[in-house]
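**Student:** No sequence on hand, only this structure:
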């Protein structure tokens, strides 16, 4: 199947791009803005409205399939690609990517991705480009085969049709208390994120954070009842290390103390510290994981920063430098690599969390659901945006529709097998 033409359209991400270094350094919020000078290269302000670019593939029957390109909220931090520049990405897509797309057989997903994502001028294409184009190519193959995107991934990676629902994780943004209530009322599987991204939110010695953890647990019991047992997942953006130091023993002690304050709950602590490089992150996270495991704690360590690409994920998984790896889809690049990352984590008996960013779009979120379900990830992020209702609806409804279609397909396959006497 040939691609006849390539369309590019401007778009909006569902949240904002933020300068993490400036926020960590104490930038003060004024309403929804941050006051002060940016630190991370590429940022003109500390907070930029998130932009995106849609890429449309015009197929031989004149139908059009789309994918969306964008960066993540904290672009340029923790080894990530720099701030998404829509003009530069548009130019590169038009000059380099579009001609490659016109030459591929769009019916062969992995081969098409490999061909289109060849290096340009000895450099890898921007990961945002890989991400958006791989979504569009996956939709193209699904449309040609009259299958779901999940079924295409299962066929490409020789996986069985999935039956299990993937737990959904919601993030609160700054409206923590209100959004926690929403999550509990909607019986979200994993909550609340918490956005603990500043000294004020973490508190001296972590006291503010500890009080928030206890409040979330108490509120969950109060509203959700005794049978509702979500996983409590908190993203602390490196603030444990920032506040109490970068000694793995002390960090592990603090994490175990947090878990001990809320017995009966499994606790995920994401990004407890940033050790400055991928290798240092691997070595020190492996020590933290080992200490936490030796204590028999209910806490799990989740890695995000310094673990971006498929190669990074492989290093963390093989070193068991986390209990759970966030596979941050725009940072991984091609959705094919997201699928590979989940399978790699499973192979190494490490949890796979298909994440992403609040800056994404409805299209990228829906495509991520198909990868998560096809590979049977351990959990997936409700996205886009920093609210609860919209993201939970987009991801949850897409998963439910997908599972209904897969169940029908399974019944059809069983009937055919019976007719053939298989």
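**Tutor:** Noted; the coordinates are in hand. Since the model is a prediction, treat every value here as computed from it, not as a measurement.
**Student:** Could you use CA atoms for every contact and neighbour count after this?
**Tutor:** Will do.
**Student:** mind listing what residue 79 touches?
**Tutor:** Residues near residue 79 by Cα atoms under 8 Å, 6 or more residues apart in numbering: 277, 305-306, 308.
**Student:** Which one of the residues you listed is nearest to residue 170?
**Tutor:** Nearest to residue 170 out of the contacts of residue 79 is residue 305 (Cα to Cα; 19.0 Å).
**Student:** Could you verify that the closest one is part of a helix?
**Tutor:** No: the assignment for residue 305 (DSSP: H, G, I helix; E, B strand; the rest coil) gives coil, which keeps it out of a helix.
**Student:** Please tell me I have it right and it contacts residue 275.
**Tutor:** No: between residue 305 and residue 275 there is no contact under Cα atoms under 8 Å: 9.5 Å.
**Student:** out of the two, which sits in the more crowded spot?
**Tutor:** With neighbours defined as other Cα atoms under 10 Å, residue 305 and residue 275 compare such that residue 305 has more, 25 against 21.
**Student:** OK, contacts around the more buried one?
**Tutor:** Contacts of residue 305 by Cα under 8 Å, 6+ apart are 77-79, 271, 274.
**Student:** For it, report the pLDDT, please.
**Tutor:** Predicted confidence (pLDDT) for residue 305: 89.
**Student:** And residue 74, by the same measure?
**Tutor:** pLDDT recorded at residue 74 is 92.
**Student:** Give me the three-state assignment for residue 337.
**Tutor:** helix.
**Student:** let's have the chain start at 272 instead
**Tutor:** Yes, from this point I'll number from 272; that puts the last item at residue 608.
**Student:** what pLDDT does it get?
**Tutor:** According to the model, residue 608 scores 98 on pLDDT.
**Student:** what about the closest residue to it other than its chain neighbours, how many neighbours?
**Tutor:** Leaving aside its chain neighbours, residue 608 sits nearest to residue 581 (6.2 Å; criterion: Cα to Cα, 6 or more residues apart in numbering). When neighbours are defined as other Cα under 10 Å, residue 581 has 21 of them.
**Student:** again with residue 484
**Tutor:** 22.
**Student:** That one: what's it in contact with?
**Tutor:** For residue 484, the contact set (Cα under 8 Å, 6+ apart) comprises 529, 533.
**Student:** any idea how far it is from residue 507?
**Tutor:** Residue 484 sits 11 Å away from residue 507, going by Cα to Cα, to the nearest Å.
**Student:** Okay, now the unreliable bits of the chain?
**Tutor:** Under the criterion pLDDT under 70, the flagged ranges of the chain are 693.
**Student:** quick one, longest helix in it?
**Tutor:** In the chain, with assignment by DSSP state H, the single longest helix is helix 660-691.
**Student:** Quick check: phi and psi on residue 624?
**Tutor:** phi -110, psi 110 (degrees, to the nearest 10).
**Student:** Tell me the helix or strand right after the lengthiest strand in the chain.
**Tutor:** Counting residues, the longest strand found in the chain (DSSP state E) is strand 274-289. Sequence-wise, the next helix or strand downstream of strand 274-289 (DSSP states H and E) is helix 291-295.
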